[in-house]
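Colleague: sequence plus the predicted model coming up.
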Amino acid sequence: MTPRPDRKAAQRTAEVVAVTDTPVLAPKLTAIEIAALSVAVVVVIAAAKLAQSFLVPVIAGILLSYALRPLVSKLEGWRVPRLAAAGLVMAVLVALVSAMGYVIRDDVSAAVAELPGAARKLRVAIIQSARESPGAMTHVKEAAAELDRAAAEASGKSAPAPGTPPDSVAAQAQSFVEQQSSKAMTVFTEIVFAMLLAFFVLAAGDTFRRKVAKIAGESLSRRRVTVEVLNEIDSQIQRYLLTLLFANILIALATWGALALLGLPNAGMWGAITGVLHVVPYAGAAVAMFGIGIAMFLHSGSLGLTAVAVLVVATIATLIGIGYTTWLQGRASRMNAVAVFIAVLFFGWLWGGWGLLLGLPILAVVKSISDRVDALHPLSELLAG
């Protein structure tokens, strides 16, 4: 006679297995621990803000070295010395960037030379539009002028004559140009330092990785996890760059086609410039829209057609540069789009244009580390797609 199975015993076994397989939650943090953690986060953010001039080129150089490592390794596999391979890759990168600038230099110079004419046309168009149909902005300006005169009379000062500008437009323009020139020089210096650091890291080969693995600890498991994290960072950054390259090419082609349909001369050049500027999220789109708006206004002399061109570029930037690119980068790095978007905004606030560019690679590095560190598993789950 076959014994009947004990249903209660089987049920108890299933409960034990279920309890065993259920992950044990980490103990809750006390109020003091939460406060200390919050203070530490604020201190780290403040330190990153203050040390921007140092951290930005260092992080950019390290990320660039990770991106170029496969090329250097390939040349080394062809029996090219490591130092020569690193120098050759960096030289090719500089040559490509210089060649791109050389190709579009004439068109850029012509566009800059047309800025005064564009300003005059824009001023005449705005004056004519205001005379034909005064809008709300005109009334607001008149009210502000009346308030300024009333404040001046109340303080005993002579009121400015109606229509008198408070400051010289030429002086303001000169000050703006000087500020932007200083910022451009700072950015150029940071790029040079980042490329030098990338060259030294590439020339060092696996020395840096071995040192990091040795610092991680003496146990073989800790070193194995460290190597896995470094390899994951390699793949994450390479996927990010491939995604960025694909999205920017798509933006350049879409902008080229749209501007060609609108009849803008040199539509291909403006499409290429837009694609390059979109390397910097959000801010690059704003600069591209400004330049295309000036070019379209110079060509057509119509504020309506200029507004259409700017709106088309803004739509392309929103749909591809923000929506599709954010989703694609989130899939490539296996992170959810909300976390990617918030991280880009946060690093943009922290470091400006550099933060917009470096925010996602930094987040990908954090995700790779948190995937393999038990204490950071909640952060990994928060970022996971």
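Modeller: Perfect, I can see it now. Quick caveat, the model's predicted, so the values are computed rather than measured.

Colleague: what about the strands in the stretch 51-200 of the chain?
Modeller: Counting by DSSP state E, counting those that start in this stretch, the stretch 51-200 of the chain has no strands to list.

Colleague: please enumerate the helices of the stretch 251-385 of the chain.
Modeller: 267-277, 283-300, 303-316, 325-332, 337-351, 353-372, 377-383 (DSSP state H, counting those that start in this stretch).

Colleague: pull out the buried residues from the shortest one.
Modeller: Within helix 377-383, the residues that count as buried by 16 or more other C-beta atoms under 10 Å are 379-380, 383. For glycine as for every other residue, the C-beta is placed from the backbone atoms N, C-alpha and C.

Colleague: what of the second one?
Modeller: By 16+ other C-beta under 10 Å, the buried positions in helix 283-300 come out as 283-285, 288-289, 291-300.

Colleague: equivalent analysis for the longest one, please.
Modeller: Neighbour counts over helix 353-372 (16+ other C-beta under 10 Å) mark 353-361, 363-371 as buried.

Colleague: could you report the distance from the closest residue in space to residue 75 that isn't next to it in sequence to residue 226?
Modeller: Leaving aside its sequence neighbours, residue 75 sits nearest to residue 85 (C-beta to C-beta, 6 or more residues apart in numbering; 3.7 Å). Distance, residue 85 to residue 226, by C-beta to C-beta, to the nearest Å: 25 Å.

Colleague: more neighbours: those two, which one.
Modeller: residue 85 (23 against 19; other C-beta atoms under 10 Å).

Colleague: domain ranges for the protein?
Modeller: Domain assignment of the chain by automatic domain parsing yields the ranges 51-129+187-205, 234-385.

Colleague: that older thread, ok, which of the helices of the stretch 251-385 of the chain comes nearest residue 231?
Modeller: When the helices of the stretch 251-385 of the chain are compared by C-beta to C-beta, helix 353-372 sits nearest residue 231, at 9.0 Å.

Colleague: C-alpha coordinates for that closest one, PDB please?
Modeller: Written as PDB, here are the backbone C-alpha positions of helix 353-372 (Å, rounded to 0.1, in the frame of the first residue of the first chain):
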ATOM      1  CA  GLY A 353      27.500  72.700 -19.300                       C
ATOM      2  CA  TRP A 354      30.100  70.200 -18.100                       C
ATOM      3  CA  GLY A 355      27.600  68.700 -15.700                       C
ATOM      4  CA  LEU A 356      25.100  68.200 -18.500                       C
ATOM      5  CA  LEU A 357      27.700  66.400 -20.500                       C
ATOM      6  CA  LEU A 358      29.200  64.300 -17.600                       C
ATOM      7  CA  GLY A 359      26.100  63.700 -15.600                       C
ATOM      8  CA  LEU A 360      24.900  60.500 -17.300                       C
ATOM      9  CA  PRO A 361      28.400  58.800 -17.400                       C
ATOM     10  CA  ILE A 362      28.800  59.500 -13.700                       C
ATOM     11  CA  LEU A 363      25.400  58.100 -13.000                       C
ATOM     12  CA  ALA A 364      26.300  55.000 -15.000                       C
ATOM     13  CA  VAL A 365      29.500  54.500 -12.900                       C
ATOM     14  CA  VAL A 366      27.400  54.900  -9.700                       C
ATOM     15  CA  LYS A 367      25.000  52.300 -11.000                       C
ATOM     16  CA  SER A 368      27.800  49.800 -11.800                       C
ATOM     17  CA  ILE A 369      29.300  50.200  -8.300                       C
ATOM     18  CA  SER A 370      25.900  50.000  -6.500                       C
ATOM     19  CA  ASP A 371      25.000  46.800  -8.400                       C
ATOM     20  CA  ARG A 372      27.900  45.000  -6.700                       C
END
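
Colleague: and of the domains of the chain, who's closest to residue 222?
Modeller: Nearest of those (C-beta to C-beta): domain 234-385, 10.2 Å.

Colleague: circling back to that earlier point, dump the domains of the chain into CSV; add mean pLDDT and distance to residue 43 as well.
Modeller: Formatted as CSV, the domains of the chain follow (pLDDT from 0 to 100; distance: least, C-beta to C-beta, whole Å):
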stretch, mean pLDDT, distance to residue 43
domain 51-129+187-205, 81, 12
domain 234-385, 80, 14
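
Colleague: how about JSON lines for those, with distance to residue 30 added?
Modeller: As requested, these are exported to JSON lines (distance: least, C-beta to C-beta, whole Å):
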{"stretch": "domain 51-129+187-205", "distance to residue 30": "31"}
{"stretch": "domain 234-385", "distance to residue 30": "16"}
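
Colleague: enumerate every residue touching residue 354.
Modeller: 52, 56, 60, 190 (C-beta atoms under 8 Å, 6 or more residues apart in numbering).

Colleague: now do the contacts for residue 259.
Modeller: 267, 270-271, 292, 296, 309, 312-313.

Colleague: dump those into TSV; add distance to residue 208 as well.
Modeller: Below are these laid out as TSV (distance: C-beta to C-beta, whole Å):
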residue	distance to residue 208
267	45
270	41
271	39
292	43
296	49
309	48
312	46
313	42
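
Colleague: which of the residues you listed are buried? Put it as a PyMOL command.
Modeller: One line in PyMOL is enough to select the buried members of these, burial here meaning 16+ other C-beta under 10 Å:
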select buried, resi 267+270+271+292+296+309+312+313
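
Colleague: which one of the contacts of residue 259 is nearest to residue 95?
Modeller: residue 271 (22.8 Å).

Colleague: am I right that that closest one is in contact with residue 256?
Modeller: Yes: with contact defined as C-beta atoms under 8 Å, residue 271 counts as touching residue 256 (3.1 Å).

Colleague: ok, the residue nearest to residue 71 when sequence neighbours are not counted to residue 188 distance?
Modeller: In space, not counting the residues next to it along the chain, residue 71 is nearest to residue 89; the distance is 5.0 Å by C-beta to C-beta, 6+ apart. Residue 89 is 21 Å from residue 188, where distance means C-beta to C-beta.

Colleague: nice, that's everything, thank you.
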